[in-house]
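>>> I need the structure of the sequence given here:
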Amino acid sequence: MYTFEPTMGQDKASLYRDLHEAAQALTADEPDAIANMANLAALLWQFLPDLNWAGFYRVVDGELVLGPFIGKPACIRIPFGRGVCGAAAASATTQRVEDVHAFPGHIACDAASRSELVVPVLRDGAVIAVIDLDSPLPARFDADDAAGIEALAGAIAGRI
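Purely as a prediction, here's the structure:
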């Protein structure tokens, strides 16, 4: 049984350190990528406040395909370059959007989403997936969140 939990009131550096350690523990001995993404989506949901969607899109045949997530039903396929997830995949760079309604081509899977953080997961220099976090709060994600999720993406790239 796993009992990973964030500590109430901890600073972001400590939160992301604990999240990273929990992710390592959950995925260390599991070779199945889908199982690891499912547990990681649950872990993100548990550790990060003010989310309304947390999960993965996987790269399959040159487009993003919905992977394990927590939240409302989502778009199943996203072309590279379309929306925030597609922009992250096409550019292989993190997209931190304070107001998704102002983002050109934003794909509104949940009208309640106001801000978004999408981090590409790279293996051997190629995007293999993206981690997608949505929040009903505008400007929910800051540079510390981006750095924390980027570190997580790097750590789990070989396990998903």
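>>> Would you mind listing where the chain has pLDDT under the threshold?
Applying pLDDT under 70 to the chain picks out residues 1-2.
>>> In the sheet, which residues pair with the most centrally placed residue in it? Tell me.
Centroid check for the chain by Cα atoms, centre = their mean gives residue 131 as the closest residue, at 2.5 Å. Applying DSSP bridges to residue 131 gives these bridge partners: residue 56, residue 119.
>>> And the strands in the protein?
53-60, 63-71, 77-79, 95-97, 115-123, 126-135 (DSSP state E).
>>> ok, now which ones touch the nearest residue to residue 150 once chain neighbours are set aside?
In space, and not counting its chain neighbours, residue 150 is closest to residue 119: 5.5 Å by Cβ to Cβ, 6 or more residues apart in numbering. All C-beta spots, glycine's among them, are computed from the backbone N, C-alpha and C. Residues near residue 119 by Cβ atoms under 8 Å, 6 or more residues apart in numbering: 88, 94, 130-131, 146, 149-150, 152-153.
>>> Buried ones among those residues?
Buried members of these, counted by 16 or more other Cβ atoms under 10 Å: 88, 94, 130-131, 146, 149-150, 152-153.
>>> Dump the residues you listed to JSON lines, plus distance to residue 112.
Listed next are the buried ones among the contacts of residue 119 as JSON lines, based on distance: Cβ to Cβ, whole Å:
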{"residue": "88", "distance to residue 112": "21"}
{"residue": "94", "distance to residue 112": "23"}
{"residue": "130", "distance to residue 112": "20"}
{"residue": "131", "distance to residue 112": "20"}
{"residue": "146", "distance to residue 112": "22"}
{"residue": "149", "distance to residue 112": "21"}
{"residue": "150", "distance to residue 112": "25"}
{"residue": "152", "distance to residue 112": "24"}
{"residue": "153", "distance to residue 112": "25"}
